[in-house]
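Participant: Structure for the following, please:
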Amino acid sequence: MKKKGKIVLNLGCGDKKLKGAVNVDKSNLHNVDIVHDLNIIPYPFPDAHADEIHMYHVLEHLDDPIAVMEEVHRILKPGGILYLRVPHFSSLYAWGDITHKRAYSLNAFDIFDESTRLRDLGYTKAKFKIKQRKLRYFYTWPNEPWYEEQIVRPIWPKGAEFILKPWILFVNFLIGLSPQVFERFWCYYVGGAAEIYMIFGKV
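Facilitator: Below is the predicted model of the structure:
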């Protein structure tokens, strides 16, 4: 399957179908195109196969995140893009699911980035360029329209939407001023950040 002429994989899709992508999950649900347990490596795709890979709140369920990132690196074409979302360690969602094995901090993926000294420690052979990373206060809003339509739709308590939206935007703005300060000093005062949103380019 292709999306705008690109080969796109949606790994760990659960019951959400990403249009124009090959949707992969270990559960044989109605929307799943390929059934495969992502803890079992290799995945059923050849080297340098995909232009894009999407993994939304999947990595925290898996046994070996480094091996998974290396497998994603193998499957991506040179210059291919990985879109990744994982729970932040301060999030209620991180520990509210018994199937979660870990949560993440903002710099947890530095061992994969070509520009950091951690690349020299030999933890992994996979090399990416981190194109974008940000902490997000809520994972349901704000999002791109396609993400809200296909992946997660925000549900607001009755009458609270007009209060919550400005507050979410305000906290996101403050986080954006210094995510490191947010992690170190005040993340728990506002109930934590829901997720880390990252974009990687394969080097």
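Participant: From here on, just use CA atoms for contacts and neighbour counts.
Facilitator: Noted.
Participant: Which residue lies nearest the spatial centre of this protein?
Facilitator: residue 85 (1.7 Å; Cα atoms, centre = their mean).
Participant: If that residue is in a bridge, with which residues?
Facilitator: Applying DSSP bridges to residue 85 gives these bridge partners: residue 56, residue 197.
Participant: Test my guess that it contacts residue 94.
Facilitator: No: judged on Cα atoms under 8 Å, residue 85 makes no contact with residue 94 at a distance of 11.9 Å.
Participant: what about the closest residue to residue 17 other than its chain neighbours, which helix or strand?
Facilitator: Closest residue in space to residue 17, ignoring its immediate chain neighbours: residue 31 at 5.6 Å, by Cα to Cα, 6 or more residues apart in numbering. Here residue 31, judged by DSSP states H and E, is contained in no helix and no strand.
Participant: Residue 31 contacts residue 21, correct?
Facilitator: No: with contact defined as Cα under 8 Å, residue 31 does not count as touching residue 21 (11.0 Å).
Participant: low-scoring stretches of the chain, by residue?
Facilitator: 1-4, 117-120 (pLDDT under 70).
Participant: for it, what spans make up the helices?
Facilitator: For the chain, applying DSSP state H gives helices covering 65-75, 92-95, 145-150, 161-177, 179-181.
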